[in-house]
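**Student:** Next come a sequence and a model predicted from it.
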Amino acid sequence: MNALLHGRLTGLLALGAVIAVLPAFLPNNFYLDIAILAGFNAVVCVGLNLLIGYAGQISLGHAGFFGIGAYASGVLVGVYGWPPILALLTGAVVVGLLAFLVAKPILRLKGHYLAMATLGIGIIVSIVLRTESGLTGGPDGMMVEPFKIFGFELYGEKVWYWVVGVLLIGVVWLSLNLIDSPMGRALRAVHGSEVAAEVVGVDTARFKVLVFVVSAVFASVAGSLFAHYAGLITPAKADFFKSIELVTMVVFGGMASTFGAVVGAVVLTLLPQALTVFQDYQQIVLGGILMATMVFMPKGLLPTLAALLPARRRA
Amino acid sequence: MFAELLQYMLSGLTIGAIYALAGLGFSIIYNASHVINFAQGEFIMIGGMASATLTASGVPLPLAILIGCGGAMLVGVLVAKFAVERARNASTVTLIIITIGASIFLRGVAELVWGKDFKRLDAFSGETPIQFLGASMQPQSLWVVGTAAVLIVAIGLFFNRTLTGKAILATSHNRLAAQLVGIDVKRVVLASFALSAALGAIGGAVVAPITFSYTEMGIMLGLKGFTAAVLGGLGHGPGAVAGGLIVGVAEALGAGYISSAYKDAVAFVIILAVLLFMPNGLFGKRGTERV
């Protein structure tokens, strides 16, 4: 567990191994589908974790970025006939620019302002998606063409499982490198004491902007690929609740722990599937997890477990 | 032309009064504890749902409002005591997450208790529209605006004339110094949650005949109250009230002249513009941080 947290390579290898052997234990496409959904959530959460865990900022609108990516692919490919990869990149660039424009002035401020701004962006995005039904199909959503590249068509759970698996490993690798770079160490300083970091010459605002843009782009790419995989997207994928769900995954798994974010995404994707009662009590469970984690386990699941392990070994 | 504009202004001021109450609630709690309480909207919902369901089962309206108000205050104190106080020294992010958790949790409980249906509450004094310079107005709008005005004045007096109010103000200026002169700051935080909950619940009860009550009614009202508070400069009481009225009127004008589908987006467009160009709000002071 400690190696998981501290050894960059060991952790990546472990993640790769889990992804490689997992299909052998999944009896059919239903389970494969859940694994794929967990993977998409994990990709977004790893990015969001960079922001929450390492930059000490919160985004209440990440589902909006996911939604922009998803609908960029849906609309550009379906309505305008663009090649899927070009639509995906366009979505990512648009989201990146939007995140940059918003973050640049706002991240120079303290505390809650990014929360307010991302909340606003998320809500505006979901209202636009619901309203512009000529392009987006409105509240009912729209069908999305399959992903075609170099004449190949990505089709079926088996193929998509590996696509998402590779994407997740890539995203985790990028994040770990980012955290371990000089910039990442500076970011941790930001989380410790922003003023202290500034005093020793760290341009904290610039780092926070970069992390915010990176995390928004991760969400957009995940959104684009999800749209092609699912074949149907609805504005619900972009709304406020989805944003909160993503924050819950990160917080539950462990802030400032990349693998924790993956674990949080997987556990909270599985939970509704495992507990049918979850349907009726969804809000109570989600809200309860959020509060209880913050009050009793503020570091989150994985870091808390990791802290328990060496203590037991010593005893 | 004029009548139409007046009509939009009146409906904007009505809903703006509720945003103002919610924004004031955000500011009071923020001042006492530096917590952004995302559960503020749920206090509104509790007030609306309790008064609608209780009157439906025969409880007289004033008593129903009182019970709803008391219930919301109790919930507010519980949230403050068991979630917020325990995470006292936590970061802004942690505190935001706790109150978001509380709001989702409360909504879930409300859904179990009251169900998902829309609940109707009769207007307090009939539904014969009042004609005013060519615009027509529901009598309930007067109740909303009047109640909000009374509450806002009362809050102002409370903070300036009573010892408890002054203690809350002192705590918001300097928590440690307040503690040193003998103010029980923990009780101040509890009192501020109770006060904000009461404001929200009464607001919810008076607006319920216009909007209907349902368990999700607090989401948008709460979030727009938050934009009102940020617009006015967070922690600045009169600013929050002005912010609420501005958001309400802008929304009504936007819905009337631009597009009713984008009504809910107006508040958030305004707040994004304000954050980008005048980040301390319209009336807020520039913040400094002590190391």
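**Tutor:** Nice, thanks for sending it over.

**Student:** quick check, the lengthiest helix in chain A touching chain B?
**Tutor:** If you go by DSSP state H, chain A has its longest helix at helix A:204-230. No. Residues of helix A:204-230 are not located near chain B by CB under 8 Å from any CB of the partner chain, the shortest gap being 12.3 Å. C-beta here means a position set from N, CA and C on the backbone, and glycine is covered the same way.

**Student:** Which elements pack onto that helix?
**Tutor:** Counting contacts by 3 or more CB pairs under 8 Å, 6 or more residues apart in numbering or on different chains; DSSP states H and E, helix A:204-230 is packed against helix A:29-49, helix A:62-78, helix A:84-106, strand A:147-149, helix A:157-180, helix A:182-192, helix A:194-199.

**Student:** which regions of chain A lie under the pLDDT threshold?
**Tutor:** Where chain A drops to pLDDT under 70, the residues are A:1-7, A:110-111, A:186-195, A:197, A:200-201, A:275-278, A:310-315.

**Student:** can you tell me the helix or strand for residue A:125?
**Tutor:** Using DSSP states H and E, residue A:125 sits in helix A:113-131.

**Student:** same thing with residue A:202?
**Tutor:** Assigned by DSSP H and E, residue A:202 falls outside every helix and strand.

**Student:** need the contact list for the nearest residue to residue A:132 once chain neighbours are set aside.
**Tutor:** Nearest non-adjacent residue to residue A:132, counting by CB to CB, 6 or more residues apart in numbering or on different chains: residue A:138, 7.8 Å away. Applying CB atoms under 8 Å, 6 or more residues apart in numbering or on different chains to residue A:138 gives the contacts A:130, A:131, A:132, A:235.

**Student:** If we use 10 Å, what do you get?
**Tutor:** A:129, A:130, A:131, A:132, A:234, A:235 (CB atoms under 10 Å, 6 or more residues apart in numbering or on different chains).

**Student:** what do you get for residue B:244?
**Tutor:** Residue B:244 touches B:13, B:15-24, B:148, B:152, B:224-225, B:227-229, B:231-232, B:267, counting by CB under 10 Å, 6+ apart.

**Student:** Tell me how far it lies from chain A.
**Tutor:** 15 Å (CB to the nearest CB, to the nearest Å).

**Student:** and that residue, what element?
**Tutor:** Counting by DSSP H and E, residue B:244 is part of helix B:237-253.

**Student:** Which SSE is immediately downstream of that helix?
**Tutor:** Following helix B:237-253 toward the C-terminus (DSSP H and E): helix B:263-277.

**Student:** Next, the angle helix A:113-131 makes with that next one.
**Tutor:** Interaxial angle, helix B:263-277 versus helix A:113-131 (axes from the mean of the first three to the mean of the last three CA atoms, to 10 degrees): 150 degrees.

**Student:** Can you give me the buried ones in helix B:263-277?
**Tutor:** B:263, B:264, B:265, B:266, B:267, B:268, B:269, B:270, B:271, B:272, B:274, B:275 (16 or more other CB atoms under 10 Å in any protein chain shown).

**Student:** was I right about the fifth one contacting residue B:231?
**Tutor:** Yes. Between residue B:267 and residue B:231 there is a contact under CB atoms under 10 Å: 8.6 Å.

**Student:** Residues that sit against both of those two, list them.
**Tutor:** B:19, B:224, B:243, B:244, B:246, B:247, B:250.

**Student:** where's the third one relative to residue B:275, distance?
**Tutor:** Using CB to CB, to the nearest Å, we find residue B:243 at a distance of 13 Å from residue B:275.

**Student:** picking that back up, quick one: which of the helices and strands packed on helix A:204-230 is nearest residue B:113?
**Tutor:** Residue B:113 sits nearest to helix A:62-78 of all the helices and strands packed on helix A:204-230, at 28.1 Å, using CB to CB.

**Student:** Could you check the angle that closest one makes with helix A:84-106?
**Tutor:** For helix A:62-78 against helix A:84-106, the angle by the same axes, to 10 degrees is 150 degrees.

**Student:** Tell me which of the helices and strands packed on helix A:204-230 lies nearest to residue B:111.
**Tutor:** Of all those, helix A:62-78 comes closest under CB to CB, at 21.4 Å.

**Student:** Using PDB, list the CA coordinates for that closest one.
**Tutor:** Extracted C-alpha coordinates of helix A:62-78, given in PDB (Å, rounded to 0.1, in the frame of the first residue of the first chain):
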ATOM      1  CA  HIS A  62     -16.300  19.500 -13.800                       C
ATOM      2  CA  ALA A  63     -19.300  17.700 -15.200                       C
ATOM      3  CA  GLY A  64     -19.800  20.800 -17.400                       C
ATOM      4  CA  PHE A  65     -16.400  20.200 -18.900                       C
ATOM      5  CA  PHE A  66     -17.200  16.500 -19.300                       C
ATOM      6  CA  GLY A  67     -20.400  17.600 -21.000                       C
ATOM      7  CA  ILE A  68     -18.700  20.100 -23.400                       C
ATOM      8  CA  GLY A  69     -16.400  17.300 -24.500                       C
ATOM      9  CA  ALA A  70     -19.200  14.800 -24.900                       C
ATOM     10  CA  TYR A  71     -21.400  17.200 -26.900                       C
ATOM     11  CA  ALA A  72     -18.500  18.500 -29.000                       C
ATOM     12  CA  SER A  73     -18.000  14.900 -30.200                       C
ATOM     13  CA  GLY A  74     -21.800  14.300 -30.500                       C
ATOM     14  CA  VAL A  75     -22.600  17.400 -32.500                       C
ATOM     15  CA  LEU A  76     -19.400  17.900 -34.600                       C
ATOM     16  CA  VAL A  77     -19.300  14.200 -35.700                       C
ATOM     17  CA  GLY A  78     -23.100  13.600 -35.900                       C
END
